[in-house]
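Enquirer: Sequence plus the predicted model coming up.
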Amino acid sequence: MRPLLWITYTACLIAATSATAGPSPADFRFVADVRGEYTPNVPMAAPLTREIIAEAEEDFGNMRLFDDLGQETPYVIYQQTEAHKAPKSLAFEIVSYDETDGVDVITVRRPGGTPAFREIELVIAGRDFKKHVRVEAGPTPDAMREIAADTIFDFSSRIDLRKTSVAIPETDSAFLRLSLRDDAPALDGPEMRLRYEGLEFWTEGTKDGPFRVERILGWSGERRPAEHYYDHVTIDTPTVIIDEHGDSVIELRGRLPVARVTFEVGNSYYHRRVELLTATDDRGAEYRVAARGTIYKIPGMTESHDKISFNQPSHYLRLKVLNEDNPPLRIRSVKIEWIRRNLYFVPEPGRTYTLHVGSDVVASPHYELGKLIPSDHAKLRHFASLSLEALQPNVGYDPSSKPTKREGLEQAAFVGLVVILACALTIWAVHLLKKMPTETNE
């Protein structure tokens, strides 16, 4: 019985091994060479190109790295993000206040021992205002020069639009002087109306109270928890289609992730809502609204607000600008940005590598390299970089060599069931034979 048991065990092992065989280069539609000077036994980085990201799944599960012997090589993919300290604020000490000819002049002093700052925030009570702000800085109140000018505003009774901060060149000046001048037209009543080239805001005659500056703060450091490194593609003079609702639709060809979108608009002033539409494929799939944002430029603003953060994984993309009853914007270009993805792996001595992508027969790999190389940008940035060549069709691609993912799972499940039944029958037969009485010669 032992030979029979051994044969059955060997057959089970062979069947299980064939059911869990790993992927091969022939399973992938595209391939890219990994170029550069390899350093054996040391982690190295290779930034993923736009073409590779477009062909990869959201979790990069249909991607594999092979050496020149066809051996699968473990890797880990991280976004290139550098963490920053949280921004810090400092409260200025108000030294003097004066009001002359409708201009509010506030002089403040920076507390000793506080860091340089790059932004001023006015904590304001009240709404429905629009003021021009002139900022001067210097070591003493008598020795100041202008360093910035901007507009602060609040249109919250009509639309959700409020801005009470002014960006300035980073400075450690001891004193600041802020001159605030009303930038709205003169009004005869409590209602405020602003109209500039078709852009209109108005209040409903109600206010939360008089305009009052309660505090003035300075901000140092970044106003974001992390700094991302972006790759991008710019579409100049994009094709804009006006749909049946009069909205502008821009189709962004190809499949990409998107972290933010920047418009270049030729109009002087505008305020438009924008929708990001996504689809899983480009073969007649329905596009759905994935995110929304707003672009605008208000009279008096030094810069337009034309950048929207979306943070969506890889999809086919469209942008819709909601025009309502306004004429379409003159969109000169659209820039699509996504956070750079770097692939990290450890080269073996004497080996070269190719990255394969695009497969219907493989599932997401589970490598231990993610535990060995943690996502710590301070350390990752010291790894040498390799480059990925242009994506090419894989001449060795053989889609008939393996079943599809679903068929593969069904086959693996069937083989596993057969293996379990065969092992169970073998154990049952062994126990049955042991219980049979042995014949004795009389």
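Expert: Here it is on my side, so go on.
Enquirer: Name the residues of the strand with the most length in the chain that are buried.
Expert: Ordering each strand of the chain by length in residues (DSSP state E) puts strand 248-265 first. Buried residues in strand 248-265, counted by 16 or more other CB atoms under 10 Å: 248-252, 255-261, 263, 265. To be clear about C-beta, it is placed using only N, CA and C from the backbone, and glycine gets the same treatment.
Enquirer: which one of those is nearest residue 214?
Expert: Residue 214 lies nearest to residue 260 out of those, by CB to CB, at 32.7 Å.
Enquirer: re earlier: as JSON lines, the buried residues of strand 248-265 with pLDDT would be great.
Expert: Formatted as JSON lines, the buried residues of strand 248-265 follow (pLDDT from 0 to 100):
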{"residue": "248", "pLDDT": "97"}
{"residue": "249", "pLDDT": "96"}
{"residue": "250", "pLDDT": "95"}
{"residue": "251", "pLDDT": "87"}
{"residue": "252", "pLDDT": "82"}
{"residue": "255", "pLDDT": "83"}
{"residue": "256", "pLDDT": "84"}
{"residue": "257", "pLDDT": "88"}
{"residue": "258", "pLDDT": "92"}
{"residue": "259", "pLDDT": "92"}
{"residue": "260", "pLDDT": "93"}
{"residue": "261", "pLDDT": "95"}
{"residue": "263", "pLDDT": "97"}
{"residue": "265", "pLDDT": "96"}
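Enquirer: now for these, which pair is the farthest apart?
Expert: Maximum distance among the buried residues of strand 248-265 (CB to CB): 25.8 Å, for 255 and 265.
Enquirer: which regions of the stretch 201-350 of the chain lie under the pLDDT threshold?
Expert: 201-209, 222-226 (pLDDT under 70).
Enquirer: what sits against the most centrally placed residue in the chain?
Expert: Per CA atoms, centre = their mean, the C-alpha nearest to the average position across the chain is that of residue 259, at 3.3 Å. Residues near residue 259 by CB atoms under 8 Å, 6 or more residues apart in numbering: 228, 230, 309-311, 337-339.
Enquirer: Residue 307 and residue 54, how far apart?
Expert: Per CB to CB, to the nearest Å, residue 307 is found 23 Å from residue 54.
Enquirer: Look up the residues forming beta bridges with residue 149.
Expert: residue 134 (DSSP bridges).
Enquirer: and what of the one 5 residues further on?
Expert: Partner residues in beta bridges with residue 154: residue 129, residue 162, with DSSP bridges as the criterion.
Enquirer: Tell me, how many residues neighbour residue 231?
Expert: Using other CB atoms under 10 Å, residue 231 is surrounded by 19 other residues.
Enquirer: can you tell me the helix or strand for it?
Expert: Assignment of secondary structure by DSSP states H and E places residue 231 within strand 230-236.
Enquirer: Could you check the angle that strand makes with strand 248-265?
Expert: 110 degrees (axes from the mean of the first three to the mean of the last three CA atoms, to 10 degrees).
Enquirer: got the residue ranges for the helices in this protein?
Expert: Using DSSP state H, the helices found in the chain span residues 2-19, 50-55, 369-372, 377-380, 405-435.
Enquirer: ok, residue 115 - contacts?
Expert: For residue 115, the contact set (CB under 8 Å, 6+ apart) comprises 88, 90, 172, 220-221.
Enquirer: let's see 10 Å
Expert: 88, 90, 170, 172, 218, 220-221 (CB atoms under 10 Å, 6 or more residues apart in numbering).
Enquirer: again with residue 47
Expert: Residues in contact with residue 47, defined by CB under 10 Å, 6+ apart, are 80, 229, 231, 340-343, 385-388.
Enquirer: Then residue 119?
Expert: Residue 119 touches 87, 89, 148, 165-168, 170, 217-221, 223, counting by CB under 10 Å, 6+ apart.
Enquirer: For beta bridges, what are the partners of the residue lying closest to it once chain neighbours are set aside?
Expert: Leaving aside its sequence neighbours, residue 119 sits nearest to residue 219 (CB to CB, 6 or more residues apart in numbering; 4.2 Å). Assessed by DSSP bridges, residue 219 has beta-bridge partners residue 89, residue 119.
Enquirer: do residue 33 as well
Expert: For residue 33, the beta-bridge partners under DSSP bridges are residue 354.
Enquirer: what's the distance between it and residue 356?
Expert: From residue 33 to residue 356 the distance is 11 Å (CB to CB).
Enquirer: who has more neighbours, those two?
Expert: More neighbours surround residue 356 than the other of residue 33 and residue 356, with 25 against 16 (other CB under 10 Å).
Enquirer: how about the more buried one, what does it touch?
Expert: Neighbours of residue 356 in contact, by CB under 10 Å, 6+ apart: 23-32, 62-66, 72, 362, 394, 396-397.
Enquirer: Can I get the buried ones among those residues as something I can paste into PyMOL?
Expert: Selection command for PyMOL covering only the buried members of those, criterion 16+ other CB under 10 Å:
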select buried, resi 23+24+25+26+27+28+29+30+31+32+62+63+64+65+66+72+362+394+397
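Enquirer: Just the ones of the contacts of residue 356 in strands?
Expert: Those of those lying in strands (DSSP E): 30-32, 63-66, 72.
Enquirer: what's the spacing between stretch 245-255 and its chain's center?
Expert: On the basis of CA atoms, centre = their mean, to the nearest Å, stretch 245-255 sits 20 Å off its chain's mean C-alpha point.
Enquirer: thinking again about what came up before, got a markdown table for the contacts of residue 119, with neighbour count too?
Expert: Listed next are the contacts of residue 119 as a markdown table, based on neighbours: other CB atoms under 10 Å:
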| residue | neighbour count |
| --- | --- |
| 87 | 15 |
| 89 | 14 |
| 148 | 18 |
| 165 | 15 |
| 166 | 20 |
| 167 | 14 |
| 168 | 20 |
| 170 | 11 |
| 217 | 15 |
| 218 | 23 |
| 219 | 18 |
| 220 | 17 |
| 221 | 16 |
| 223 | 11 |
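Enquirer: between those residues, which is closest to residue 182?
Expert: Of those, the one sitting nearest to residue 182 (CB to CB) turns out to be residue 166, at 16.2 Å.
Enquirer: Return the residues in contact with that closest one.
Expert: Counted by CB under 10 Å, 6+ apart, residue 166 has contacts 119-122, 133-135, 147-152, 178, 302.
Enquirer: If we use 6 Å, what do you get?
Expert: The neighbourhood of residue 166, defined by CB atoms under 6 Å, 6 or more residues apart in numbering, consists of 120, 133, 148, 150.
Enquirer: wouldn't residue 293 be in contact with residue 308 here?
Expert: Yes - assessed by CB atoms under 6 Å, residue 293 is found in contact with residue 308 at 3.3 Å.
Enquirer: show me where the stretch 101-250 of the chain has strands.
Expert: Assigned by DSSP state E, counting those that start in this stretch, the stretch 101-250 of the chain shows strands spanning 103-109, 117-125, 129-140, 143-154, 162-163, 165-171, 175-182, 193-196, 199-202, 212-220, 226-228, 230-236, 240-242, 248-265.
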